[in-house]
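Trainee: I would like to see how this sequence folds:
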Amino acid sequence: SYGFEDLYKKSTTKKRPENQPPQAKNLDITKNFELTLDDILNTINTEKYCNACATRDFSDPMFAFGKQFAEADEIVIAAPFWNLSIPAHLHVYLELVCSQGATFDIDAQGNYHSLCKAQKLTYITTSGGPIQEDHGWTYVKDLATVFWNIKELEYYKAEGLDIAGNDIGQILAKTKQEMV
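Mentor: Numbers count the residues shown, from 1 in each chain. Now for the predicted structure:
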């Protein structure tokens with residue numbers, strides 16, 4: 001709630017000329033499908049998932065997020081810094097998105113090939129304390145480069161938001177300025 005919407009808007013509009021309409025839709029993964037991530041997690045099983053990937057049958061709702069991700073022009077992830085990483089639901093979402101045959105494939109030589117349109121990924125995080133190592137960003141960056149071949153990666157953080165005496169407005173303003 002520490003200005004995520006402002007940070008998101010800044011990151012998605014910083015390079016667009018003022019009079020040009022946005023080229024990509026802003027998608028909220030929690031509102032675009034009849035099923036929620038919780039619904040999917042309650043019904044998914046490993047055997048079903050593996051069989052679907054092996055047969056390239058991505059009709060099951062568990063692959064809806066992967067299909068949406070593969071079609072996105074740009075990826076923006078905004079998540080709080082959570083136990084040195086990302087929130088568990090975001091991790092599960094990324095695991096579902098990262099499905100062979102849906103968002104990437106592997107050739108006979110073992111090389112990965114992206115099936116995603118996006119060439120840019122922006123990752124925004126906030127933290128109550130200092131961020132010394134962000135394993136969540138490392139994980140997302142590795143997925144983006146290894147599986148999805150996304151070349152343009154941006155990382156922004158607003159940290160120390162819960163430290164007594166810190167000026168939250170100043171911290172957020174500094175992070176927003178970095179996005180310009």
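Trainee: now do the helices in the chain.
Mentor: Applying DSSP state H to the chain gives helices spanning 4-13, 37-43, 46-55, 64-71, 88-97, 135-142, 168-178.
Trainee: in the chain, where is pLDDT below threshold?
Mentor: 1-44 (pLDDT under 70).
Trainee: okay, which residue is most central for it?
Mentor: I77 (3.7 Å; C-alpha atoms, centre = their mean).
Trainee: what about the closest residue to it other than its chain neighbours, distance to K176?
Mentor: Excluding its sequence neighbours, the residue lying closest to I77 (C-beta to C-beta, 6 or more residues apart in numbering) is Y123, at 5.0 Å. C-beta: built from backbone N, CA, C; applies to glycine. Plainly put, Y123 is 15 Å away from K176 if you go by C-beta to C-beta, to the nearest Å.
Trainee: and those two? Which one has more around it.
Mentor: Y123 (22 against 18; other C-beta atoms under 10 Å).
Trainee: wait, that one sits on E152?
Mentor: No - proximity of Y123 to E152 does not meet the contact threshold set by C-beta atoms under 8 Å, at 11.7 Å.
Trainee: thinking again about what came up before, tell me what the residue nearest to I77 is bridged to.
Mentor: With DSSP bridges as the criterion, Y123 is bridged to I77, Y155.
Trainee: quick one: contacts for it?
Mentor: 77-79, 137, 140-141, 153-156 (C-beta atoms under 8 Å, 6 or more residues apart in numbering).
Trainee: now stretch 132-143: how far from the chain's centre is it?
Mentor: 11 Å (C-alpha atoms, centre = their mean, to the nearest Å).
Trainee: residues of it that come out buried?
Mentor: 134, 136-137, 140-141, 143 (16 or more other C-beta atoms under 10 Å).
Trainee: out of these, which one sits closest to F63?
Mentor: L143 (16.6 Å; C-beta to C-beta).
Trainee: so who does the closest one touch?
Mentor: 94, 98.
Trainee: now the nearest residue to P87 once chain neighbours are set aside: how far from N149?
Mentor: Spatially, and ignoring its direct neighbours in sequence, P87 is nearest to A79 (5.9 Å; C-beta to C-beta, 6+ apart). For A79, the distance to N149 (C-beta to C-beta) stands at 22 Å.
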